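Enquirer: test case, fold it:
(one chain, ligands or ions: 5)
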Amino acid sequence: MARAVFLVCLLSIVMLVPTSLAQGLGVNWGSMGSHSLPPKNVVQMLKDNGIKKVKLFDAEPDTMEALAGSGIQVMVGIPNEKLAKLADSYKEAQEWVKQNVTKYLHDGGVNIRYVAVGNEPYLTSYNGTYVKTTYPALKNIQKALDEAGSGGKVKATVPFNADVYESSSNKPSDGRFRNDIKSNIVEILRLLNDNKTPFVVNIYPFLSLYQSSDFPEEFAFFEGGSEPVKDNNIEYKNVFDANCDTLISALKKVGFGNLDIIIGEVGWPTDGDKNANGQLAKKFYDGLLKKLATEDGTPLRKKKLEVYLFGLFDENQKSIAPGDFERHWGIFRYDGQPKFPMDLSGKGQGNNLLKGVQGVQYLDQQWCVLKSDVRNLSNTHPEVSYACSMSDCTSLGVGRSCDLDQHGNVSYAFNAFFQTKDQDVRACDFNGMAAIVKQNASRGDCLFAIQILNAGVRPELSIFAGLFLILMSFFTLM
Ligand SMILES: *[C@@H]1O[C@H](CO)[C@@H](O)[C@H](O)[C@H]1NC(C)=O
Ligand SMILES: *[C@@H]1O[C@H](CO)[C@@H](O)[C@H](O)[C@H]1NC(C)=O
Ligand SMILES: *[C@@H]1O[C@H](CO)[C@@H](O)[C@H](O)[C@H]1NC(C)=O
Ligand SMILES: *[C@@H]1O[C@H](CO)[C@@H](O)[C@H](O)[C@H]1NC(C)=O
Ligand SMILES: *[C@@H]1O[C@H](CO)[C@@H](O)[C@H](O)[C@H]1NC(C)=O
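Expert: Ligands and ions are numbered 1, 2, ... in the order given. Model (predicted):
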């Protein structure tokens, strides 16, 4: 009898766990899109997929409230722009912690575990702007957490880009921190070590491939199809392992070889570059998730890795300074639907495929396109550049998902703008060259998207704004 009860309990436990998700797997949830999905639906999707960790880039109240009571472990973020203030003033840090952390730590609140102080603040392209402020801001935030009585549970850390370290020889064992920031990093490492806080690093095999034309393509993936890098007795078969171990060697050299490491971001984009497409992204994720499922870690540290995928959704307003692929990092499209089948458990069972966001509301089924009788397309150039500057045209071009003719290009741009403007009829004029159509304007693999109802806009506000606009146009007419 007792045994039967035990078995039933065991069975129900096994069945309750949604997926045998690769242990420690988290996701980055960014918010640089023109339209956002309702945070509650997103959190439900995380639960449906058995995802128990999420990393944010700020601490927006709507998102935090949706996460409350979910049990999901959260890393909240502080944008780089705030570092100087937090470094200068302990009071600011106290206030930040109070409003963005302590407020949510009640029973049934948000399971906050980390505060990410800044985001890749030592990136070389920032020209050192945040190098001096990162450490004092980190120190102030951790002190404020400690004083609020939360320091035991909530740890402050800094997500770093992988170019804070390098290897003179390409061998991981030659890894060391970049000279220009070495003393700053060591200060931070000491603090992290004293607080038993992990070092967070973002690792992008895609960027290795993107940045160097002679990078062996297969080394970016996990199938072992390229010449391994030999390092003492170790053979590295992929750049992910090699990169992690370069960091471990760099940490060892400055006396922190035992510090825990979290991979704060890793992923593969699906558009905006010749190597950014669904096929290669799937190949990358399949290999990565399979690797994570083994819990073997990397050659220098054979233990389970804590990893956050980047990211959940395509974000059509991210800066494209690093490249057009920046807006296509989602494992989901802009509307919360999976781009390709993905087995997060990494066990290849095929029955636990990534589930999309439920209950997504779209705008009307209509598109804005170039009128077919417009012959002289040179007149559309200013319109197209305006439309694209206000929306996202990074899918256009040879080798991307939208390799269209000139006419198609113009229509794509018009529609992107029209949708970004929530299908406002005034956003489909373009000097009389554009028309709204009810027939799906998509061409082959090139999606002419219908935007979603923006959860970021409060309905009563938009009605009010609409009325205001109608009144304004009425007065202008008079
Ligand atoms: C966090 O706290 C600060 C107060 O220091 C506040 O201004 C800010 O709006 C809060 N929320 C976010 C998302 O930063
Ligand atoms: C860094 O310097 C370069 C070259 O001087 C400049 O183009 C770029 O805008 C600077 N970036 C920042 C973030 O200051
Ligand atoms: C197209 O329009 C441009 C600008 O208005 C004009 O300079 C050009 O001559 C036109 N081309 C044709 C073929 O009509
Ligand atoms: C369409 O637009 C893309 C992106 O601007 C460009 O690379 C491509 O050459 C254009 N195609 C044609 C046929 O003009
Ligand atoms: C339009 O067609 C594309 C395929 O070309 C399809 O993926 C998309 O779902 C369609 N959109 C709507 C709203 O039916």
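Enquirer: could I get the pLDDT score of Met433?
Expert: The pLDDT attached to Met433 in the predicted structure is 98.
Enquirer: helix, strand or coil for the closest residue to it other than its chain neighbours?
Expert: Spatially, and ignoring its direct neighbours in sequence, Met433 is nearest to Val374 (5.0 Å; CB to CB, 6 or more residues apart in numbering). Quick note: C-beta positions are derived from backbone N, CA and C, even for glycine. Using DSSP: H, G, I helix; E, B strand; the rest coil as the criterion, the local structure at Val374 reads coil.
Enquirer: could you check how far Ile436 is from Phe430?
Expert: 12 Å (CB to CB, to the nearest Å).
Enquirer: oh, that last question was meant for Val239, not what I typed.
Expert: 45 Å.
Enquirer: if we can go back for a sec, and the gap between the residue nearest to Met433 and Thr380?
Expert: 7 Å.
Enquirer: repeat for Arg178
Expert: Distance, Arg178 to Thr380, by CB to CB: 46 Å.
Enquirer: same drill for Ile436 and Phe430, tell me which one is more crowded.
Expert: Phe430 (24 against 17; other CB atoms under 10 Å).
Enquirer: confirm the more buried one sits in a strand?
Expert: No. Applying three-state DSSP, one finds Phe430 to be coil, outside a strand.
Enquirer: next, the contact list for it, please.
Expert: Phe430 makes contact with 370, 380, 383, 387, 414, according to CB atoms under 8 Å, 6 or more residues apart in numbering.
Enquirer: interface residues of the protein facing ligand 4?
Expert: 396-397, 405-406, 409 (CB under 6 Å from any ligand atom).
Enquirer: can I have the buried ones of those as a PyMOL selection?
Expert: Here is the PyMOL command that picks out the buried ones among those, judged by 16 or more other CB atoms under 10 Å:
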select buried, resi 396+397+409
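Enquirer: can you tell me which of the residues of the chain next to ligand 4 is nearest ligand 3?
Expert: Gln406 (12.9 Å; CB to the nearest ligand atom).
Enquirer: how near is the closest one to Ala413?
Expert: Gln406 is 11 Å from Ala413, by CB to CB.
Enquirer: can you check Ala321 too?
Expert: Distance from Ala321 to Ala413, by CB to CB: 20 Å.
Enquirer: who's more crowded, those two?
Expert: A side-by-side neighbour count of Ala321 and Ala413, using other CB under 10 Å, places Ala413 first with 27 against 7.
Enquirer: residues near the residue in the stretch 1-150 of the chain that ligand 3 sits nearest to, how many?
Expert: Using CB to the nearest ligand atom, the closest approach of the stretch 1-150 of the chain to ligand 3 is made by Ser34 at 31.2 Å. Neighbourhood size, Ser34 [other CB under 10 Å]: 20.
Enquirer: how many residues are close by the residue nearest to it when sequence neighbours are not counted?
Expert: Leaving aside its sequence neighbours, Ser34 sits nearest to Thr420 (CB to CB, 6+ apart; 5.0 Å). Counted with other CB under 10 Å, residues neighbouring Thr420 total 22.
Enquirer: for Thr420, what are its contacts?
Expert: So Thr420 contacts 34-35, 316, 390-392, 427, 451 (CB under 8 Å, 6+ apart).
Enquirer: after the host helix or strand of Ile188 comes which helix or strand?
Expert: If you go by DSSP states H and E, Ile188 is part of helix 182-194. Remark: after helix 182-194, the chain's next helix or strand is strand 199-202, criterion DSSP H and E.
Enquirer: walk me through which strands that following strand pairs with, and which way each runs.
Expert: strand 159-161 (parallel), strand 261-266 (parallel) (DSSP bridges).
Enquirer: after the shortest one, heading C-terminal, what element do we hit next?
Expert: This points to strand 159-161. Using DSSP H and E, the first helix or strand after strand 159-161 is strand 165-167.
Enquirer: coming back round to it: in helices, which of the residues of the chain next to ligand 4 appear?
Expert: Mapping the residues of the chain next to ligand 4 onto helices (DSSP state H) picks out 406, 409.
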